[in-house]
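*Asks:* I'd like to go over a predicted model; first the sequence, then the structure.
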Amino acid sequence: MRIAVVTARGSAGEQGGAERLYEALVSAFRNLGYEAEEVAVTIDEPNFDRIKRNYLGCYDLQLQEFDVVVSTKAPTWMIRHSKHVCYLVHTIRVFYDMFEETFVQPSNEIIDQRDLIHRLDTLGLSPPHCLKVFSIGREVSKRLLRWNGIASDVLHPPLWQSAFRQGEQGDYLFLPGRLHAWKRVDLIINALKGTQLPLRLKIAGIGEAETELKALANGDPRIEFLGRISDETLIELYAGALAVPFAPMREDYGYVTLEAFASGKPVITCEDSGEAASIVRNVKGGLVVAPNANALTDAFESLFNNREELYQAGQNGLRWVQSMSWERVAQRLLEAAGVA
């Protein structure tokens, strides 16, 4: 049986959580004994005309030589196939939950663009065009139900590798990821600046907000910007951290949470951080606090001064991550397509 995983990739060759998810899912199908391949569609979004062409390009894909097709990220679900299921990473968020933040006073043209995207997504993700939708997390499912009226099952994606390891409880907090306003790294910086404890903050990654964040740190010697790092360095920094602060705005999933747990480290997140908050709360894998610097400072100090609590939270997260399986995810998708 031939399986196509249709993916959306940027022309710059970015390699983030979504891209690693694609590769892990293809590998899982192969591990189950099927012939699987990624069908990558180049998706750049410089303007709305290009966005419309992206949707049309997916609609025009010829995939009839495959027995099952799995779509993933906007707008791959516009494909046409009788055995199409979706493993929903996310829609175009600027037309959904981030619309008001992005367009403070939207014109009628922008509102029409949003409405068109909603109609197209609803069409592509509804029967008979799509047999079943699974999402990567509750935040994504809630959004899909609210704006598109489509119910979906949550199917948490595991990590793509098992190289993460536990280390000693260090004297630093470690935060990797894209330096973007939605990730709210500024909250973490301000929280660190609010404590007198001998605690450091290591920030890995690059992004649009890098200049502003470095200015906010204002040369504080406890705050270090590492830029791009290798996978080996990432694993080492997780292993030696005290904890991992992660305070994004309505995060869809957040592999940072899973990577921290796989390293036996607790996660400190915020009440409005979406799936990250839900996972940390349900797993008892750290602390969930109000989205402000003072609350985060208190959380840092609480874990710093309660090492046994910190250790137990990390172990709770580790057990949860170890219970996950990519092969089970792949099997659920095949069952929904009616071929397993």
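*Replies:* The structure has been received and is ready for your questions.
*Asks:* Which strand residues bridge residue 224?
*Replies:* Note on residue 224: beta-bridge partners residue 202, judged by DSSP bridges.
*Asks:* Number of residues surrounding it?
*Replies:* Residue 224 sits with 13 neighbouring residues when counted by other Cβ atoms under 10 Å. From N, CA and C alone the C-beta is placed, and that goes for glycine too.
*Asks:* Adjust the sequence numbering to begin at 754 for everything that follows.
*Replies:* Noted, 754 is the first residue going forward, which turns the last one into residue 977.
*Asks:* so what's it up against?
*Replies:* 953-956 (Cβ atoms under 8 Å, 6 or more residues apart in numbering).
*Asks:* redo that, cut-off 10 Å
*Replies:* By Cβ atoms under 10 Å, 6 or more residues apart in numbering, the contact set of residue 977 is 925, 953-957, 970.
*Asks:* Run a quick neighbour tally on residue 1062.
*Replies:* The burial count for residue 1062: 14, using other Cβ under 10 Å.
*Asks:* Apart from its neighbours in sequence, what residue is nearest it?
*Replies:* Leaving aside its sequence neighbours, residue 1062 sits nearest to residue 1056 (Cβ to Cβ, 6 or more residues apart in numbering; 6.8 Å).
*Asks:* and the helix or strand hosting the one you found, what does it pack onto?
*Replies:* Assigned by DSSP states H and E, residue 1056 belongs to helix 1046-1058. Counting by 3 or more Cβ pairs under 10 Å, 6 or more residues apart in numbering; DSSP states H and E, the packing neighbours recorded for helix 1046-1058 are strand 925-929, helix 938-946, strand 997-998, strand 1020-1023, strand 1039-1042, helix 1060-1075.
*Asks:* next structured bit after the strand or helix carrying residue 853?
*Replies:* Per DSSP H and E, residue 853 falls inside helix 852-855. Counting by DSSP H and E, the next helix or strand C-terminal to helix 852-855 is helix 861-877.
*Asks:* Contacts for that next one, please.
*Replies:* In contact with helix 861-877 (Cβ under 10 Å, 6+ apart) are residues 801, 804-805, 808-809, 811-812, 824, 827-833, 837, 839, 841, 844-845, 847-849, 852, 855-856, 859-860, 882-883, 897, 900-903.
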